[in-house]
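S.K.: quick one, structure for this:
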Amino acid sequence: MRLERLGVNKFKIFLTFDDLEERGFSREELWYDFPQAHRLFQEMLFEASEELGIDLDGVILVQVHLLNAQGMLIVVTQDLDYVDDEFIEMKVTLDESKEFIFSFASFESVIGLCHRLHRIGVSGGDIYHMEQQYYMHLDEQQLTRLNREDLIAIMSEYSSPSTVTSIRLQEYGKEIVKRNAIEEVVKYFAS
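M.R.: Residues are numbered from 1 along each chain as shown. Model (predicted):
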């Protein structure tokens, strides 16, 4: 489980599907066994609040994004207008993405990942820039011959899973490289 504080009242939790299995959950249980899923979210919230030093009370908004093959991204926001020490109300929304999109803080991280992926035979991809982040979208067909867990582990060293959709990137982002992004970056930024 990876934690990242996003603000005074907001943080995100990233769990791989292996992390979920270690906690005794499957992907299907999150969709069809809501009491079990609710228990999982409560455990993670308390674990995260202790580690990050955040007092959670009142209304807690929990957005759960199931990411294709990457795992689960949970964004937790405490509604500061309704803080009450007597109770905690969790409002949970579930969303599922079938796309394979990662975000990067710097273009140097994109370059490093492209060189690493190129060495293991991964090609293709699109790169966008939007809201001070870089995004890489890999085509599902390119990933069928690779071990997804290995690829996710490599990508996680350089980037974070993203809930942004390819449609939003195409509409609001700036296209940096289309279709053969990995090859183009390796070609122009030799190591």
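S.K.: how does the protein divide into domains?
M.R.: Annotated domains of the chain cover 2-97, 100-188 [automatic domain parsing].
S.K.: weakest of those domains by average pLDDT?
M.R.: Lowest mean pLDDT within the domains of the chain: domain 2-97, at a mean of 76.
S.K.: tell me where the chain has helices.
M.R.: Under the criterion DSSP state H, the chain contains helices at 17-22, 27-32, 34-52, 107-119, 140-143, 148-158, 166-172, 181-188.
S.K.: out of the ones you listed, which gets nearest to Val8?
M.R.: Nearest of the helices of the chain to Val8, taken as Cβ to Cβ: helix 34-52 at 10.9 Å. C-beta: built from backbone N, CA, C; applies to glycine.
S.K.: what sits up against that closest one?
M.R.: Contact partners of helix 34-52, identified using Cβ atoms under 8 Å, 6 or more residues apart in numbering, comprise 1, 3, 5, 11, 13, 15, 20, 23, 25, 29-31, 54-56, 60, 62, 64, 74, 76, 90, 92.
S.K.: now stretch 162-173
M.R.: 65, 67, 73, 95, 97, 99, 101-103, 126, 128-130, 135, 137.
S.K.: at 6 Å what do you get?
M.R.: Residues outside stretch 162-173 that contact it (Cβ atoms under 6 Å, 6 or more residues apart in numbering) are His65, Leu73, Glu99, Ile101, Phe102, Ser103, Tyr128, Met130, Tyr135, His137.
S.K.: report the buried members of those residues.
M.R.: The neighbour count (16 or more other Cβ atoms under 10 Å) marks His65, Leu73, Glu99, Ile101, Phe102, Ser103, Tyr128, Met130, Tyr135, His137 as buried among the contacts of stretch 162-173.
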